[in-house]
Structures are given as structure tokens and as C-alpha cells.
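S.K.: Sequence and predicted model, in that order:
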Amino acid sequence: MISIAAPGGTAEAYLTRPDDAGGPLPGVLFLIDAIGLRPRTTEMADRIASWGYVVLAPNLFYRNGTAADLEPTVDLTEPDARTAFFAEAMPRVHGLTDDLATDDLSVYLDTLRGLDGVSDGDVGATGYCMGGRLALLAAATRSDVVGAIGMFHTGGLVTDTPSSPHLRLPQVRADILAIHADEDHSLPPESVAAFEHALTSSGVTHSASVFGGAHHGYTMSDTAVFHPEATERHFEDLRALFTRRLS
């Protein structure tokens, strides 16, 4: 764990890299889901790092407490416990506005690129749940450094507000990988179609698909909605994206 001087205070971040790393490696920003920075997300960051990347996973909710403070104390593999936890967690999710997140993301990216052993080339980002929207925000607001992003079980991508995430696509230079879940009520079929149209019309290089039988949060093995096949597909496609675009 390292400490980052962020706009709203000190943010913890989990930093991981391959044990046998040799020479500068590309950086990857890992953007957590609404549940927070915890063993499951650090485990995922370690796996991505093992492919040959330096991965930084910040506690996005540092304004609300440390990662340990916010870590779930209930078993999220129990559906009722998961529902109750999200009722508690959503206020801090909504509190991380685009304005706050934009400044935070820029600091995280600059921190990552300034670390020893990180190459000068493009950075990748991978985001889960709300982290997918933040990956897109980072790609739009820091197109100078973000060259590839993954977005997984990301809800709320198309809204009728002026700040809808899909409206940021014309500012994106990065290649985009998005794997939606067909049982994700936060991104219904009409929104999936609208997001695909926005991707195509904006000219962004992308791969977008829907995994059948998966729910919102399918990559998180510490919850009731974990889907092993969809999770492995996400790892395979993300690795291919980063290999093609960053390595």
C-alpha cells in the first residue's frame, strides 16, 4: 500500500507488479467497484500485474475512510447481506461526483506514470461497476496518456442528462473493451444498444459484447453474483487488449 496526496486528502492505493519484472513496464490503473478496495480487488490487480504491468488500485472512497474502514463486515455471497451492504454504500458512490473524480483520476494517473519502473508510453485502465464509468472519464479527460480501457458490468452508461457517460466518447483516444451482463438492470438492452451506437458513431476503436446469464458485478468472487465463465472471459479479453495496445 502507498499513500497519494489527492485533492481531497490522502488516498491509499494498492501497488503491484510482477516479481520478475525487468525493465520499464506499462502502467495500469485499476478502478474498483462500489464495494471498495479489498482482498478480491487486490487479487485481481495482482493477476493483471502478472501479465507484465505495474498496477495501481486506489481507494476511490478515501474521503469516506480508509479501505479497512469501508471493507464489508458481512458475507456478500449471501444475497440479503449484499443488498443491505449496497444500501449503505451507495451514498458514497453518489458522493464521488464527476467533478471530484476528474481531479482524482488525473492525480492517480500522474502518480502511476511517475513510479519507478513504469514506462513512458500509454497507460491502461480497467474498471468495474462504477469503476467502468470512471475508466471512461479518465480516457476522456486524460486522452494524452490513456490508451486502452476495459469496462465490465458497468451500469448507467446512457442517461438523459448532459453528463451522460456516453457523451464523452468523442473525446476518447483509447481503445475500449466493454463486456456487459444481460441480467444487469442498471444497463438494460436499450442502453446497451445506445452505447454501441455512440461507440460506433464516435469512431472509437472498440469491442463491446453482452455475456449471457451474468449479473451486475459478475467478476467479484466475494459476492452472490459471481460468474466464473464471464470473469475468465473478461480476463482473457482484457489481457489481449493490453497486449495489443500497451505492450
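M.R.: Sure thing, it's come through. Numbers count the residues shown, from 1 in each chain.
S.K.: hmm, who's touching the helix or strand harbouring Phe235?
M.R.: Under the criterion of DSSP states H and E, Phe235 resides in helix 228-245. For helix 228-245, the external contacting residues (CB atoms under 8 Å, 6 or more residues apart in numbering) are 26, 28, 47-48, 51, 53, 122, 124, 126, 147-148, 150, 152, 174-175, 177, 179, 181, 207, 211, 213-214, 218-219, 221. (Glycine included, C-beta is placed from N, CA and C.)
S.K.: Recalculate using a threshold of 6 Å.
M.R.: Around helix 228-245, the neighbours that count as contacts under CB atoms under 6 Å, 6 or more residues apart in numbering are 51, 124, 126, 147-148, 150, 152, 175, 177, 179, 211, 214, 218-219.
S.K.: Which positions within that helix qualify as buried?
M.R.: Neighbour counts using 16 or more other CB atoms under 10 Å place 230-231, 233-235, 237-239, 241-242, 245 of helix 228-245 among the buried residues.
S.K.: what ranges do the strands span in the protein?
M.R.: 2-6, 9-16, 27-31, 54-58, 123-128, 146-152, 175-183, 206-215 (DSSP state E).
S.K.: Which secondary structure elements does the helix or strand bottoming out on mean pLDDT in the chain sit against?
M.R.: In the chain, the helix or strand scored least confidently by mean pLDDT, DSSP states H and E is helix 79-95, which has a mean of 93. With contacts defined as 3 or more CB pairs under 6 Å, 6 or more residues apart in numbering; DSSP states H and E, helix 79-95 has no helix or strand neighbours.
S.K.: at 10 Å instead, please
M.R.: The helices and strands touching helix 79-95, judged by 3 or more CB pairs under 10 Å, 6 or more residues apart in numbering; DSSP states H and E, are helix 67-70, helix 130-141.
S.K.: export those to JSON lines and tack on mean pLDDT, distance to Asp80 and mean neighbour count?
M.R.: Supplementary listing: these in JSON lines, determined by pLDDT from 0 to 100; distance: least, CB to CB, whole Å; neighbours: other CB atoms under 10 Å:
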{"stretch": "helix 67-70", "mean pLDDT": "96", "distance to Asp80": "20", "mean neighbour count": "16"}
{"stretch": "helix 130-141", "mean pLDDT": "98", "distance to Asp80": "22", "mean neighbour count": "25"}
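S.K.: right, so of those helices, which gets closest to Leu15?
M.R.: Across the helices and strands packed on helix 79-95, Leu15 has its closest neighbour in helix 67-70 (13.1 Å, CB to CB).
S.K.: Only C-alpha atoms, please: export that closest one in PDB.
M.R.: Backbone C-alpha positions of helix 67-70 (Å, rounded to 0.1, in the frame of the first residue of the first chain) are rendered in PDB as follows:
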ATOM      1  CA  ALA A  67     -10.000   0.800   2.800                       C
ATOM      2  CA  ALA A  68     -10.100  -1.100   6.100                       C
ATOM      3  CA  ASP A  69     -12.800   1.200   7.500                       C
ATOM      4  CA  LEU A  70     -15.000   0.600   4.400                       C
END
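S.K.: Show the low-confidence segments of this protein, by residue range.
M.R.: Filtered on pLDDT under 70, the chain yields no residues whatsoever.
S.K.: Nearest to the spatial middle of this structure, which residue is it?
M.R.: Central residue of the chain (CA atoms, centre = their mean): Gly127, 1.1 Å from the mean position.
S.K.: Return the residues in contact with that one.
M.R.: By CB atoms under 10 Å, 6 or more residues apart in numbering, the contact list for Gly127 reads 29-33, 60, 133-139, 149-154.
S.K.: I'd like to know how far the nearest residue to Arg133 once chain neighbours are set aside sits from Asp122.
M.R.: Using CB to CB, 6 or more residues apart in numbering and skipping residues adjacent in sequence, the residue nearest Arg133 is Pro165, 5.1 Å away. Pro165 sits 21 Å away from Asp122, taking CB to CB, to the nearest Å as the criterion.
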